[in-house]
Every structure is written in structure tokens, then in C-alpha cells.
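Peer 1: Below are the sequence and a predicted model; questions follow.
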Amino acid sequence: MSKFLITIFLVFLTLIFVQVVVVLGLRASPPAEYWVAQLISVKEALADAEPAPRTLVLGGSSSLFGVSAEKIERATGRPTINMGLHAGLRLDKVLAIGRQVAKPGDLIILTLEPGYLTCGADSWSSWQVRNAVAWDRDYFTARPLKERVEAVLSAGDPNLPVDMVSAWLGARFHAKSVMSRVEALDPAMTNKDLSSIRRGLLPKEFVYSADNLNANGDIGGTDRADYFGDGFDRTTPGHICAGPLKMLGDFNRDMKSHNIRVVAANVPYLVRGSVPADWVNAEQAYRADLASAGIDLVDSRQDVFFPPEAFFNSAGHLNAHARDIRTEKLLVALYAKGLLHAGG
């Protein structure tokens, strides 16, 4: 019996070892959300093409769907780029992209989903591991070895090593099977997307793709109201966990040293019927913690309470009509703070 248990234990250790070695050591293109990589490249290019001072809206997909940078630019006469990406990205990655594109004189509006600000945000998810090794290997490799190993063991998808080996073999013996993934990381694809965007050639139907953006980085085709689930908990965020709060403070100090202003705005909340005031204390705690990091929360949470029919396809994704309403409210808040001015 003891020999059997020892054998099982050794097999288990071997499988763990193989999983770690394959994920950390093999360069391959497993199935993942490569459109996010394209989105980052295209939005960085759109931002780089505009002179400062600019307005940058930075966050996850609630920013991507919830703010119209085009509307802000028209109202203020100031170049504005929607740098909203994907809420699955880690906070340090989002802020690194902000550092990459920001220029002196810019205004950065952080619209961060509640999940970014919890104590669990330091942990890796299986989505993050898979996408990091698929299309953001340099970012993943730059993490300490201990963190990478823990990420693979605690959050790694058990199918990921198999997918990576399959992709590695496919690249060598059946290139078509991974061609779309490889092309997504090719700078030529970024240039192709930029050409389509600048010519206004948006797809006729909604699609998660970098070529479904306008010249301000706003996503198109979101006219419908197809979401029937729950929204973000309106009592979150409250107090920001120590790790994310330190990241925000460091980011703000870094930006301030380059004459870049950082503020925050709320993400949209789905509400039904009358709304009790259970969110008030949470927002006060959130506002106070942001202030301790030197960041001003420019609007009120109640400004972004929306009914179900305002949401496109997910909890934080406003449809086009609600996005315009949310953007108007954001502009009013920014005007009141003297951060932007109508007409430039």
C-alpha cells in the first residue's frame, strides 16, 4: 500500500513539474484572447499619434464600453483617447500601459472595476496566466520566478500545457492552425487595423476586435440591450486594499512628476427600482482612500446608476445610448472640477 501511495505521489509531482516547465519554458501560441493584444497595440498607436495635452480614459472594459472619448473630444476640443481595455488584465499591467502612453500635460481618468481594488487582485487568475503566456510573454517573464510558478500552480488551467504543446506542434507541422494567433501579434496587423479605423470602416455587426474601434478608441456596434444579469455590487469598492492602493499612489506620483494629472471616475452600476443608500458609506471610504493616494474622485456613484436596459452585453458594458448619457454626466463633473473646459 505504501509503495502505491509513493507512486501516486511521484506521479503527481511529475505532472506538476511538467506543467510548470511547459508553461514557463515553451514558447507557443495557445488559444487565448488575442484581440486584447491587438486592442492594446492599436490604442497605444492612436494615443501616440495625438499631441499633448490629451485626455486619456484608462481602465477595463467598463471604460471601453462606458465612455465616449469622441464625445469628450468634440465637447472640449482636446484630443481624447479611450484606453479602456479588459477587466481581466492585472492592475499593474493597466497602469503600465498608462505610463507608456501618457505625455506631459495629459489628463488621465481612471475608471477601474471594483475587482481591481480588492485584496484578491494580487492573485493570478487562469485567464491572466493563459493570456500572459500566449501574447504577453515579456510581461510574464519579467515577474519573479516564484510568482510565476505560484501563478501556474494556483491559477493555471490544467489544459494550458496541452494547448501549448499542441500550438507548438501546430506551428511546426500545420501553420494554418495557429496563423490567426501569430498574425494578431504582427505589427502589420496593427497597421491594417489603424488603416481601417482611420477610414471609418467599422464592422456591420458587433465584434470583439481592434478594428471595431473609431479613431478615439471607442468600440462600435453596441446599440442593443442584451444583458439581463446582475451588475456590480453598488457597495463596492469601499476601502481599497493595501496592494492596489500602493500601486495607485505610486502611479499618481510618477505621473505628477511628469506634469500629468490623474483623477478617477466611477464605473456604471446596474440598478432595479428604488436604490437604498447602502452605497454611501462605501463611496466615502473609496473617495478617502483615493485622496490618500493623491487622486480625486470626480463624480458620484449615484451619477452612474443605470437601469437594465442601459447595458449592452455584460455587467459593466453600457450600450451606445447609455454611454452618451454617462459621458455627458462625466463632462459635467470634469467641468465642475475645472479639469476640462467646453470648447477647449
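Peer 2: Alright, I've got the coordinates. Numbers count the residues shown, from 1 in each chain.
Peer 1: distance of Asp278 from Ala32?
Peer 2: From Asp278 across to Ala32, the span is 38 Å (C-beta to C-beta, to the nearest Å). Using the backbone N, CA and C atoms, a C-beta is placed for each residue, glycine as well.
Peer 1: More neighbours: those two, which one.
Peer 2: Applying other C-beta atoms under 10 Å to Asp278 and Ala32 shows that Ala32 carries more neighbours, namely 22 against 10.
Peer 1: Spit out the contact partners of the residue nearest to the more buried one when sequence neighbours are not counted.
Peer 2: Counting by C-beta to C-beta, 6 or more residues apart in numbering, Ala32 lies nearest to Ala134, which is 3.5 Å off, once chain neighbours are set aside. With contact set as C-beta atoms under 8 Å, 6 or more residues apart in numbering, Ala134 has these partners: Ser29, Pro30, Pro31, Ala32, Tyr34, Arg181.
Peer 1: So which of these sit within helices?
Peer 2: Those of the contacts of Ala134 mapping onto helices are Tyr34, Arg181, per DSSP state H.
Peer 1: Among the contacts of Ala134, the buried ones, what's the ChimeraX command?
Peer 2: Per 16 or more other C-beta atoms under 10 Å, the buried members of those correspond to this ChimeraX selection:
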select :29,30,32,34,181
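Peer 1: Name the nearest of the contacts of Ala134 relative to Arg272.
Peer 2: Ala32 (34.9 Å; C-beta to C-beta).
Peer 1: which residues touch that closest one?
Peer 2: Contacts for Ala32 were tallied using C-beta under 8 Å, 6+ apart; they are Arg130, Asn131, Ala134, Trp135, Arg181.
Peer 1: can you do 6 Å?
Peer 2: Neighbour list for Ala32: Arg130, Asn131, Ala134 [criterion: C-beta atoms under 6 Å, 6 or more residues apart in numbering].
Peer 1: From Gly238, how far off is it?
Peer 2: Distance from Ala32 to Gly238, counting by C-beta to C-beta: 33 Å.
Peer 1: now Pro51
Peer 2: In terms of C-beta to C-beta, Pro51 sits 39 Å off from Gly238.
Peer 1: Just the pLDDT for the nearest residue to Ala322 once chain neighbours are set aside.
Peer 2: In space, and not counting its chain neighbours, Ala322 is closest to Ala310: 3.5 Å by C-beta to C-beta, 6+ apart. You'll see Ala310 listed with a pLDDT of 97.
Peer 1: What number of neighbouring residues does Ala310 come out with?
Peer 2: Ala310: 23 neighbours (other C-beta under 10 Å).
Peer 1: coming back round to it: can you confirm the residue nearest to Ala32 is in a strand?
Peer 2: No: using DSSP: H, G, I helix; E, B strand; the rest coil, the assignment for Ala134 is helix, not a strand.
Peer 1: Which pLDDT does the model give it?
Peer 2: pLDDT, Ala134: 96.
Peer 1: What of Met1?
Peer 2: 58.
Peer 1: Ok, Pro51 next?
Peer 2: We have a pLDDT of 96 for Pro51.
Peer 1: do you know how far it is from Ser292?
Peer 2: Pro51 is 33 Å from Ser292, by C-beta to C-beta.
Peer 1: Neighbour count for these two, which is higher?
Peer 2: The neighbour count for Pro51 versus Ser292, taken as other C-beta under 10 Å, is higher for Ser292 (12 against 8).
Peer 1: show me what contacts the more buried one?
Peer 2: With C-beta under 6 Å, 6+ apart, Ser292 has no contacts at all.
Peer 1: Gly66 now?
Peer 2: Counting by C-beta under 6 Å, 6+ apart, Gly66 has contacts Pro268, Leu318, Arg323, Arg326.
Peer 1: Could you dump these into JSON lines with secondary structure, neighbour count and pLDDT added?
Peer 2: What follows is those, written out as JSON lines (DSSP: H, G, I helix; E, B strand; the rest coil; neighbours: other C-beta atoms under 10 Å; pLDDT from 0 to 100):
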{"residue": "Pro268", "secondary structure": "coil", "neighbour count": "27", "pLDDT": "98"}
{"residue": "Leu318", "secondary structure": "strand", "neighbour count": "28", "pLDDT": "98"}
{"residue": "Arg323", "secondary structure": "helix", "neighbour count": "22", "pLDDT": "98"}
{"residue": "Arg326", "secondary structure": "helix", "neighbour count": "27", "pLDDT": "98"}
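Peer 1: Thank you, goodbye.
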